[in-house]
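# With the input below, show me the fold.
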Amino acid sequence: MIPRAMGRLKIGVLGSGKGSNFRAILSEIQAGRLDAEAALVMSDVEGAGILDLARAAGIPAQVIREPKFRTKLSPEVEADVVERLRDAGVELVVLAGYMRMVKAPLLEGFPRRVINIHPSLLPAFPGLESWRQALEAGAEKTGCTVHFVDSGMDTGEIIAQAEVPVLPGDTAESLHARIQVEEHKLYPSVVARFVSGELP
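Residues are numbered from 1 along each chain as shown. This next block holds a predicted model:
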């Protein structure tokens, strides 16, 4: 394991929603338990809560405007996102509830430096509402996965997982809530492995 030699790890966060996983990472940074800096937060949703969280913490918050597509960014827009992340000095791109597929500009701009958290034990239940998928499939356990992002849907190399049992009487909402508890522990712990140099 090679410790980082140059200051705090600068992360860029992309999200589309409330930003609860970003909040969990930010809490660890603010508590002094994670030697990282949120250098830039970006969202493809203008009124997203994640932008409000960033602004309240004094972190630069920017909107990604994509007029053409709903599930991805056009190459020129994604290239602009890469440029903005680089201008902010970002070293690691953290997807936190980001609801668009990532394509070549970002993957090539930050090779093995784009990570995501997904609410299932991948490769099981990729895609949307995976907690509901697990419940409907009668799974005895599910959980969450942090993985490197590639061009597929939740198909990148797995970094770490946490299990959550499916309990009798679980609803989609109760199961999702328990998965989120584990997400908020797992994601900061993986970022810490990049800080320490454990992850290349």
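
# would residue 50 count as being in a strand?
No - assigned with DSSP: H, G, I helix; E, B strand; the rest coil, residue 50 falls outside any strand and is helix.

# isn't it right next to residue 97, touching?
Yes - counting by C-beta atoms under 8 Å, residue 50 touches residue 97, with 7.2 Å between them. Where you see a C-beta, it was placed from the backbone N, CA and C, and this is true even at glycine.

# Which residues are in contact with each of these two?
15, 16, 17, 18, 19, 22 (C-beta atoms under 8 Å, 6 or more residues apart in numbering).

# what about residue 50 and residue 97, which has more around it?
Each of residue 50 and residue 97 has its neighbours counted (other C-beta atoms under 10 Å); residue 50 has more, 26 against 22.

# distance of the more buried one from residue 162?
Using C-beta to C-beta, to the nearest Å, we find residue 50 at a distance of 22 Å from residue 162.

# How about the secondary structure of the closest residue to residue 186 other than its chain neighbours?
Take residue 186 and drop its neighbours on the chain: the residue closest to it by C-beta to C-beta, 6 or more residues apart in numbering is residue 162, 4.8 Å away. Classification of residue 162 using three-state DSSP returns strand.

# likewise residue 90?
coil.

# thinking it is in contact with residue 40, fair?
Yes - at 6.1 Å, residue 90 and residue 40 qualify as touching, with contact defined as C-beta under 8 Å.

# which residues are in contact with stretch 56-68?
Contacts for stretch 56-68 (C-beta under 8 Å, 6+ apart): 14, 26, 30, 38-44, 46, 50-51, 54-55, 73-74, 77, 81, 84, 88, 100.
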